[in-house]
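Colleague: Sequence first, predicted coordinates after that:
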There are 2 protein chains.
Amino acid sequence: MDEFGLIDRFFAGLAPAGKGIDLGVGDDAALLQPPPGRRLAMTLDTLVAGCHFLPDADPEGLGHKALAVNLSDLAAMGAEPAWGLLALTLPRIDEAWLTAFAAGLGALARRHGVALVGGDTCRGPLALALQLTGFVDPGRALRRDGAHPGDLIFVTGTLGDAALALAGIQAGRRVSAFLRMRLERPEPRVAEGRALAGIASACIDLSDGLASDLGHLCEASGCGARVEAARVPLSPAARRYWDGDWAPILAGGDDYELCFTVPPERLDALAASGVAYTRIGKMVDGSGVTFLDERGQPLPPMSGYDHFS
Amino acid sequence: MDEFGLIDRFFAGLAPAGKGIDLGVGDDAALLQPPPGRRLAMTLDTLVAGCHFLPDADPEGLGHKALAVNLSDLAAMGAEPAWGLLALTLPRIDEAWLTAFAAGLGALARRHGVALVGGDTCRGPLALALQLTGFVDPGRALRRDGAHPGDLIFVTGTLGDAALALAGIQAGRRVSAFLRMRLERPEPRVAEGRALAGIASACIDLSDGLASDLGHLCEASGCGARVEAARVPLSPAARRYWDGDWAPILAGGDDYELCFTVPPERLDALAASGVAYTRIGKMVDGSGVTFLDERGQPLPPMSGYDHFS
């Protein structure tokens, strides 16, 4: 089976009509019609076996997560997902594996209106690269560099679930289905990101941990952040499981929630946005992220996932 | 050094102004302004150590070739290169390697006006994925599916140089600098592709070998091809080196030339296009590629590179 046979067979049905697709999988490049007057948001992420997932990871979950990670990047820009290109490196053609992978990726793609318009397959150590393009109106994209001192800091959902699940699995402990699902099947906050476009002053998705990612937002915006640790939302499952160590909550990775800032004058718009959020702190003059305990004392500095640590 | 530090440091200067870039490297996604009224051509290719190149390959050549392979896909669509996203998987941070890789990629990017607008780095077995977007006017893109019986078949440049070089290197033979350059530093036919837009009825780039790639064009167009093997252009270096075996010429890979078809009524436009080309055959009713020897007798069938053979 050649490259196109592979893509056609396993990923057929992932190129729905009506997305401006002149030509999808099967030529040297896809031909696409961008919507007039809108901007494109483009992201590329790689997942490598042994680094981002275990070689024996459930392929359906992997298909889901590969797309979820990329959709989370588009969510963080406030963009509407549109087109995807997939590069799959496989040690061999394993039909059961590919069928499950395509099912996991396909189910999430359909829910978010992502059309697979092209890609590449080759033989090698298991890895995949996924490139997504989304649409966003000019001037409404959520960037990292728009926060100002005085803006309030919010997050969607709950933090730490995935990090607690991973630590539990690695330690051989029993992990609840909810925590495991949060690790293996993250739900990218695409609707929330789009609703926040034009409201949030800055936004980032939490992939490497709150400490690290909010740190990137601070650096891009040229200010600092003070976060009250006790305000950081935990799920009931995480609360039952948690031993009181802040590290997995504040510096664990794989949350795939949005962290965003809103100027005080736009809090009414935020309340009316329909987004479920929790206020965790405030942007301040200075630099870096300071976490405060319940007595207002700084916690020791925390660092998140570094791709080369 | 984190992900952005890495990208910023080694690939700085690869995001020139004036390409509709609202936001390049450093956020969750790049924000780009597509040119009104044009189509986007989008391609994604992966190069994996041990599969597409040797792990100890010269990094400057690898940077060149990674981009050249993708540019060749845009050339085959008749598109103008614009934006690139790079995902780099590295076993470790090796500054000398990265400096050389970025130099090779950067030199070719500047010549073709490619702006690096984003990317991703992670630790793992050496591999890279490169996604390129180009622009092309509606109705002028070169596709694989537009050839008709009676159209003449052409190629740019010379074929077989890279395959002869690779076979020679693998056999421990002395290989001329020209043949080696053709293998390691292919020049994508971007200008030729753009000049052929609106003239050629179909086009494909030769990455897997003429037999295989022209076969794809035939399949997409629903007709066959008859190629006179003796018309296939060889370089003087290849002629000196060649032992008369057609396989590396007709079925060798890595040519990165364009193979295209032109209807008889557009031959004048082709002659005026400024493209250097050689006529090698004719599209016919039927299916598949038939190579003919100098007496008009069919050569045995040949197959090209299969990504999973």
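Modeller: Arrived safely, thanks for sending.
Colleague: residues near A:Thr99, how many?
Modeller: Using other Cβ atoms under 10 Å in any protein chain shown, A:Thr99 has 15 neighbouring residues. Backbone N, C-alpha and C define where each C-beta goes, glycine included.
Colleague: nope, A:Leu62 is what I was after
Modeller: Using other Cβ under 10 Å, A:Leu62 is surrounded by 23 other residues.
Colleague: can you give me the strands in chain A?
Modeller: A:21-23, A:30-32, A:39-48, A:80-90, A:115-123, A:127-136, A:152-156, A:202-205, A:224-228, A:258-262, A:277-284, A:288-292 (DSSP state E).
Colleague: Can you lay out those strands as JSON lines showing mean pLDDT and distance to chain B?
Modeller: Shown next, in JSON lines, are the strands of chain A (pLDDT from 0 to 100; distance: least, Cβ to the nearest Cβ, whole Å):
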{"stretch": "strand A:21-23", "mean pLDDT": "84", "distance to chain B": "6"}
{"stretch": "strand A:30-32", "mean pLDDT": "91", "distance to chain B": "4"}
{"stretch": "strand A:39-48", "mean pLDDT": "93", "distance to chain B": "4"}
{"stretch": "strand A:80-90", "mean pLDDT": "93", "distance to chain B": "4"}
{"stretch": "strand A:115-123", "mean pLDDT": "85", "distance to chain B": "5"}
{"stretch": "strand A:127-136", "mean pLDDT": "94", "distance to chain B": "4"}
{"stretch": "strand A:152-156", "mean pLDDT": "98", "distance to chain B": "14"}
{"stretch": "strand A:202-205", "mean pLDDT": "97", "distance to chain B": "6"}
{"stretch": "strand A:224-228", "mean pLDDT": "97", "distance to chain B": "17"}
{"stretch": "strand A:258-262", "mean pLDDT": "98", "distance to chain B": "10"}
{"stretch": "strand A:277-284", "mean pLDDT": "98", "distance to chain B": "17"}
{"stretch": "strand A:288-292", "mean pLDDT": "95", "distance to chain B": "14"}
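Colleague: For those strands, give me CSV that also has mean neighbour count.
Modeller: Converted to CSV, those look like this (neighbours: other Cβ atoms under 10 Å in any protein chain shown):
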stretch, mean neighbour count
strand A:21-23, 19
strand A:30-32, 25
strand A:39-48, 25
strand A:80-90, 25
strand A:115-123, 24
strand A:127-136, 27
strand A:152-156, 23
strand A:202-205, 28
strand A:224-228, 21
strand A:258-262, 28
strand A:277-284, 20
strand A:288-292, 19
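Colleague: In JSON lines: those, plus distance to B:Cys122.
Modeller: Shown next, in JSON lines, are those (distance: least, Cβ to Cβ, whole Å):
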{"stretch": "strand A:21-23", "distance to B:Cys122": "30"}
{"stretch": "strand A:30-32", "distance to B:Cys122": "25"}
{"stretch": "strand A:39-48", "distance to B:Cys122": "6"}
{"stretch": "strand A:80-90", "distance to B:Cys122": "13"}
{"stretch": "strand A:115-123", "distance to B:Cys122": "18"}
{"stretch": "strand A:127-136", "distance to B:Cys122": "9"}
{"stretch": "strand A:152-156", "distance to B:Cys122": "25"}
{"stretch": "strand A:202-205", "distance to B:Cys122": "16"}
{"stretch": "strand A:224-228", "distance to B:Cys122": "26"}
{"stretch": "strand A:258-262", "distance to B:Cys122": "22"}
{"stretch": "strand A:277-284", "distance to B:Cys122": "28"}
{"stretch": "strand A:288-292", "distance to B:Cys122": "23"}
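Colleague: among those strands, which is nearest B:Phe135?
Modeller: strand A:30-32 (10.8 Å; Cβ to Cβ).
Colleague: where does stretch A:243-259 sit relative to the chain's centre, distance-wise?
Modeller: For stretch A:243-259, the separation from the chain centroid amounts to 14 Å (computed by Cα atoms, centre = their mean, to the nearest Å).
Colleague: how about the strands of chain A, which one is nearest B:Gly24?
Modeller: Of all the strands of chain A, it is strand A:39-48 that lies closest to B:Gly24, at 10.2 Å by Cβ to Cβ.
Colleague: what angle separates that closest one from strand A:127-136?
Modeller: 160 degrees (axes from the mean of the first three to the mean of the last three Cα atoms, to 10 degrees).
Colleague: re earlier: so for B:Leu299, which of the strands of chain A sits nearest?
Modeller: For B:Leu299, the closest of the strands of chain A is strand A:115-123, at 28.4 Å, according to Cβ to Cβ.
Colleague: where in chain A is pLDDT low?
Modeller: A:1-9, A:12-13, A:15-18, A:303-309 (pLDDT under 70).
Colleague: Specify the residue ranges that define each domain of it.
Modeller: Chain A resolves into domains spanning A:3-136, A:152-292 when parsed by automatic domain parsing.
Colleague: now those in TSV, with distance to B:Leu47?
Modeller: Formatted as TSV, those follow (distance: least, Cβ to Cβ, whole Å):
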stretch	distance to B:Leu47
domain A:3-136	8
domain A:152-292	25
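Colleague: So which of those domains is nearest B:Gly50?
Modeller: domain A:3-136 (6.6 Å).
Colleague: ok, which residues in the stretch 151-300 of chain A are in contact with chain B?
Modeller: Residues of the stretch 151-300 of chain A found near chain B (Cβ under 8 Å from any Cβ of the partner chain) are A:Ile204, A:Asp205, A:His216, A:Ala220.
Colleague: Please enumerate the helices of chain A.
Modeller: Assigned by DSSP state H, chain A shows helices spanning A:3-11, A:59-77, A:95-112, A:161-170, A:177-184, A:190-196, A:210-221, A:236-241, A:267-271.
Colleague: Among these, pick out the one with the most neighbours on average.
Modeller: Highest mean neighbour count of those: helix A:59-77, a mean of 26 (counted as mean count of other Cβ atoms under 10 Å in any protein chain shown).
Colleague: Run through the neighbouring helices and strands of that helix.
Modeller: If you count contacts as 3 or more Cβ pairs under 8 Å, 6 or more residues apart in numbering or on different chains; DSSP states H and E, helix A:59-77 packs onto strand A:39-48, strand A:80-90, helix A:95-112, strand A:127-136, helix A:177-184, helix A:190-196, strand A:202-205.
Colleague: Mind putting those into CSV with distance to B:Val25?
Modeller: What follows is those, written out as CSV (distance: least, Cβ to Cβ, whole Å):
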stretch, distance to B:Val25
strand A:39-48, 11
strand A:80-90, 19
helix A:95-112, 25
strand A:127-136, 15
helix A:177-184, 29
helix A:190-196, 20
strand A:202-205, 15
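Colleague: how about the residue lying closest to A:Tyr277 once chain neighbours are set aside, what does it touch?
Modeller: Spatial nearest neighbour of A:Tyr277, excluding adjacent residues (Cβ to Cβ, 6 or more residues apart in numbering or on different chains): A:Phe154 at 4.4 Å. Neighbouring residues of A:Phe154 by Cβ atoms under 8 Å, 6 or more residues apart in numbering or on different chains: A:Cys259, A:Phe260, A:Thr261, A:Val262, A:Leu270, A:Tyr277, A:Thr278, A:Arg279, A:Ile280.
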